[in-house]
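Engineer: Let me see the structure of the following:
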Amino acid sequence: MRLFLSYIWMYRRLLLIVLTPLLLLPVPLIIRTKEAECAYVLFVVAVFWLSEALPLSVTAFIPALMFPLFGILPSKAIASTYFKDFHLLLTGVICLATSIEKWNLHKRIALRMVMLVGTNPAWLMLGFMFSTGFLSMWLSNTSTAAMVMPIVEAVAQQIINAEAEVDAMQINSSDGIYNEVFELDENIYEKDTKCDTEKHVNGYSNGTVAVYNNGKCKEVEEHQTETCSQHEKEMPEIQSDSEKRYRNKKDQMMCKAMCLCIAYSSTIGGLTTITGTSTNLIFAEQFQTRYPECTEINFGTWFLLCIPITIILVILSWLWIHWLFLGFNLKEMFKCGKEKTNREIASAKVIMDEYKKLGPVSYQEIMTFILFLLMALLWFTRDPGFIPGWSALFPQYKSYATDSTAALLLGLLFFIVPAYPWKRKSAGKINSFDYAPLITWKEFQACMPWDIGILVGGGFALAEGCEVSGLSQWIGNKMTPLGSLPIWLIVLIACLIVTSVTEVASNPATITIFLPILAPLAEAISVNPLYILIPTTLCTSFAFLLPVANPPNAIVFSYGHLQVMDMVKAGLGINILGVIVVMLCISTWAIPMFSLDVYPSWAPSIATTNSTALVTTAFTSAM
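Structural biologist: Here you go, the predicted model:
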């Protein structure tokens, strides 16, 4: 029996792949409507996405297989949904991300921002959070966490070493015995970070496949005994013991807090921009596809809406994590004009040394930063709303140019602008000019998350099938009784549901499943669709509870400082704070920005919706 169960467990994914379509097959066979057939496809895809029985991008091809067989959409029509404006925007953004990573501009920005806030442990954490959040606005959260964590780990280890030095000095002064003490040697940092390679897959979103940084840098304790070499040979066993790894409980709590700060800020920062995380991009593309006449959602309006959310949530998360792991000593946090502690000196030294290693600002960094500013400027000024944007220069082609147009324009420049514009002297040869662009196609390919592109395409195909088959309208009509509830309660329920589901499912899969359901719901109860879709989209990113819920969570967890319960305790508080801040946003400044209290003209008219509901109800009764 035990052997049989072990085989069942071994082939659980295969069983799920085979049994799910078979067990759900009565739905289309018995009901025999297009809505039921589309629901069957939706259920199969949802189960596979939630369980990850198949790779997410492979599951995304199921609609392309089943919709033509059920007669919902022809193969040519469904194939065209797999490549949208989203993919062009993603291409331009990845060109920028590739150049930033290649020329180490991200490290310079992160270190400079941390240097500005000082070296007090509390403010050091806040500095890392803001720098990580800023980088995550433009890079994927996975890449951001993988880049910043080695720096954070080195700072944490040097802080621990500095405390050990202080203790050794105190022992020397009290006992009158000379002992060599720790030096804040740069070699320690180099040894620590060698085990943390920065190789990772730049999955542009949560839930994607990524190769994480699994080197867990340990503290190397020097022993002043004759058995030093024996201890060094047994280092892996010794380092696995938390009591040997940290000098005291305070050091352990500090490492936990700094790890969680990086994980959460890399996710929160992505909320700020349309391009910051794939859930935002999926929402923008599906929303524009369903409501093509709406021009309210663009890079500028989304940034103005979400920047207060990001700032408030980063500060609240910092206070929550600091209180949970390090206590809340206001006198210590806000001390001014006092002598720096050894911890602060060690932190400052590591950060300064790392910044010096980067050398002077290079030409490549300057050009990357200029192109980055131009891309952001074009996004902001395309159609800001309160003034005419540059898209107004083409009145005869209204709505032709989108954010992807600007992204592609600047993205192409990364392949054109020379990386070495001046002559270079080769060893033993005459001066020669070596033309090479800022990025190459191979470098772009290494960073481009093709799996996310396919996954999002599958979501578009699923949404199109739900619309054509009438399933979206049917779901909306069935949810019409919810209109008797207060709108804030409906939004809160939707936010809590997606926040819970995204802990066990990938963020792109979650938003792809719920958007086709919530949009018809909003139309059925005559509520501005943005009132429900915006907070739901933001809450889809709140995957803070488990290491497997989010790639940044897994990255910081791999360093070995955290336990699952640490992340659960901290993440539960961040989830609650996140939902509260989003509800505050959607109930205050979001209302005048998007006229959420008025049913918009770009949404299906209420009369049409009601008449369609009557027809659908009559059809259902006849069945």
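
Engineer: Please report phi then psi for residue 527.
Structural biologist: Main-chain torsions, residue 527, degrees, to the nearest 10: phi -120, psi 140.

Engineer: OK, contacts around it?
Structural biologist: By Cβ atoms under 8 Å, 6 or more residues apart in numbering, residue 527 lies in contact with 483, 487, 490, 599. C-beta: built from backbone N, CA, C; applies to glycine.

Engineer: and what of residue 365?
Structural biologist: Going by Cβ under 8 Å, 6+ apart, the list of residues near residue 365 reads 103, 104, 105, 108.

Engineer: correct me, but the first one touches residue 366?
Structural biologist: So the one you mean is residue 103. No - using Cβ atoms under 8 Å, residue 103 is not in contact with residue 366; the gap is 9.5 Å.

Engineer: Between these two, point out the one with more neighbours.
Structural biologist: The neighbour comparison of residue 103 against residue 366 (other Cβ atoms under 10 Å) goes to residue 103, with 21 against 12.

Engineer: how near is that one to residue 109?
Structural biologist: 11 Å (Cβ to Cβ, to the nearest Å).

Engineer: center of this structure - which residue?
Structural biologist: The chain has residue 141 as the residue nearest its centroid, 3.9 Å off, counting by Cα atoms, centre = their mean.

Engineer: backbone phi and psi for that one, please?
Structural biologist: phi -60, psi -30.

Engineer: Excluding chain neighbours, what is closest to it?
Structural biologist: Closest residue to residue 141 apart from its sequence neighbours, by Cβ to Cβ, 6 or more residues apart in numbering: residue 266 at 4.3 Å.

Engineer: buried ones in the helix or strand encompassing that neighbour?
Structural biologist: Take DSSP states H and E as the rule and residue 266 turns out to sit in helix 249-269. Across helix 249-269, burial judged by 16 or more other Cβ atoms under 10 Å covers 251-269.

Engineer: Look up how far residue 405 lies from the residue nearest to the centre of the chain.
Structural biologist: 26 Å.

Engineer: is it true that residue 519 touches residue 294?
Structural biologist: No - Residue 519 lies out of contact with residue 294 (Cβ under 8 Å); the separation is 11.7 Å.

Engineer: so what's in contact with those two at the same time?
Structural biologist: Common neighbours of residue 519 and residue 294 are listed as residue 287 (criterion: Cβ under 8 Å, 6+ apart).

Engineer: CA atoms of the helix holding residue 266 as CSV?
Structural biologist: Taking Å, rounded to 0.1, in the frame of the first residue of the first chain, the C-alpha atoms of helix 249-269 are listed here in CSV:
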residue,chain,number,x,y,z
LYS,A,249,19.3,36.8,18.6
LYS,A,250,19.5,40.5,17.5
ASP,A,251,21.8,39.6,14.6
GLN,A,252,19.4,36.9,13.4
MET,A,253,16.4,39.2,13.6
MET,A,254,18.3,41.9,11.7
CYS,A,255,19.1,39.4,8.8
LYS,A,256,15.5,38.3,8.7
ALA,A,257,14.2,41.9,8.6
MET,A,258,16.6,43.0,5.8
CYS,A,259,15.7,39.9,3.7
LEU,A,260,12.0,40.6,4.0
CYS,A,261,12.5,44.3,3.2
ILE,A,262,14.0,43.4,-0.2
ALA,A,263,11.4,40.7,-1.0
TYR,A,264,8.4,43.0,-0.3
SER,A,265,9.8,46.2,-1.7
SER,A,266,10.7,44.6,-5.0
THR,A,267,7.0,43.5,-5.3
ILE,A,268,5.5,46.8,-4.1
GLY,A,269,7.7,48.9,-6.4
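
Engineer: For that helix, what does the pLDDT average out to?
Structural biologist: The average of the pLDDT scores along helix 249-269 is 87.

Engineer: Are there helices or strands packed against that helix, and which ones?
Structural biologist: If contacts are counted by 3 or more Cβ pairs under 8 Å, 6 or more residues apart in numbering; DSSP states H and E, helix 249-269 sits against helix 121-136, helix 141-175, helix 299-326, helix 551-557, helix 564-587.

Engineer: Worst mean pLDDT among those helices?
Structural biologist: Lowest mean pLDDT within the helices and strands packed on helix 249-269: helix 141-175, a mean of 67.

Engineer: Got phi/psi on residue 602?
Structural biologist: phi -80, psi -10.

Engineer: typo on my end, it should be residue 437
Structural biologist: Torsion angles at residue 437 (phi, psi; degrees, to the nearest 10) stand at phi -70, psi 170.

Engineer: Can you tell me the closest non-neighbouring residue to it?
Structural biologist: Distance criterion Cβ to Cβ, 6+ apart; nearest residue to residue 437, sequence neighbours excluded, is residue 415 at 4.9 Å.

Engineer: any idea of the mean pLDDT for the one helix or strand residue 459 maps to?
Structural biologist: Using DSSP H and E, residue 459 maps to helix 450-469. Helix 450-469 carries an average pLDDT of 80.

Engineer: Residue 47 is in contact with residue 13, correct?
Structural biologist: No - Residue 13 lies out of contact with residue 47 (Cβ under 8 Å); the separation is 11.6 Å.

Engineer: Give me the common contacts of those two.
Structural biologist: residue 53.

Engineer: of those two, who's got more company?
Structural biologist: Remark: of residue 13 and residue 47, residue 47 carries more neighbours, 18 against 13, as counted by other Cβ under 10 Å.

Engineer: now the helices for the stretch 351-500 of the chain?
Structural biologist: Ranges of helices within the stretch 351-500 of the chain are 363-381, 403-413, 441-447, 450-469, 471-478, 487-501, based on DSSP state H, counting those that start in this stretch.

Engineer: closest one to residue 328 among those?
Structural biologist: In terms of Cβ to Cβ, the element of these nearest to residue 328 is helix 487-501, at 26.0 Å.

Engineer: Direction-wise, compare the closest one with helix 564-587 and give the angle.
Structural biologist: 150 degrees (axes from the mean of the first three to the mean of the last three Cα atoms, to 10 degrees).

Engineer: And the helix or strand following helix 487-501, what does it pack against?
Structural biologist: As assigned by DSSP H and E, the chain's next helix or strand after helix 487-501 is helix 507-524. Applying 3+ Cβ pairs under 8 Å, 6+ apart, one finds that helix 507-524 contacts helix 34-51, helix 278-290, helix 450-469, helix 471-478, helix 487-501, helix 529-540, helix 606-622.

Engineer: hang on, residue 522 packs against residue 529?
Structural biologist: Yes - using Cβ under 8 Å, residue 522 is in contact with residue 529, at 4.1 Å.

Engineer: Quick check: neighbours shared by these two?
Structural biologist: With Cβ under 8 Å, 6+ apart as the test, residue 522 and residue 529 both reach residue 603.

Engineer: Shouldn't residue 115 be within a strand?
Structural biologist: No - Residue 115 is assigned helix when assessed by DSSP: H, G, I helix; E, B strand; the rest coil, not a strand.

Engineer: and it, how far is that from residue 131?
Structural biologist: In this view, residue 115 and residue 131 are 10 Å apart by Cβ to Cβ.

Engineer: before we move on, the earlier item: please identify the most buried of the helices of the stretch 351-500 of the chain.
Structural biologist: helix 450-469 (a mean of 24; mean count of other Cβ atoms under 10 Å).

Engineer: Alpha carbons only: can I get that helix in CSV?
Structural biologist: Output of helix 450-469 as CSV, limited to C-alpha atoms (Å, rounded to 0.1, in the frame of the first residue of the first chain):
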residue,chain,number,x,y,z
TRP,A,450,9.2,34.5,-23.8
ASP,A,451,7.2,32.3,-21.4
ILE,A,452,5.4,35.3,-20.1
GLY,A,453,4.5,36.5,-23.6
ILE,A,454,2.9,33.1,-24.3
LEU,A,455,1.1,33.0,-21.0
VAL,A,456,-0.4,36.5,-21.5
GLY,A,457,-1.4,35.5,-25.1
GLY,A,458,-3.2,32.5,-23.7
GLY,A,459,-5.1,34.8,-21.3
PHE,A,460,-6.1,37.0,-24.3
ALA,A,461,-7.3,33.9,-26.1
LEU,A,462,-9.3,32.8,-23.1
ALA,A,463,-10.9,36.2,-22.7
GLU,A,464,-11.8,36.4,-26.4
GLY,A,465,-13.4,32.9,-26.2
CYS,A,466,-15.4,33.9,-23.1
GLU,A,467,-16.7,37.0,-24.9
VAL,A,468,-17.6,35.4,-28.2
SER,A,469,-19.3,32.4,-26.6
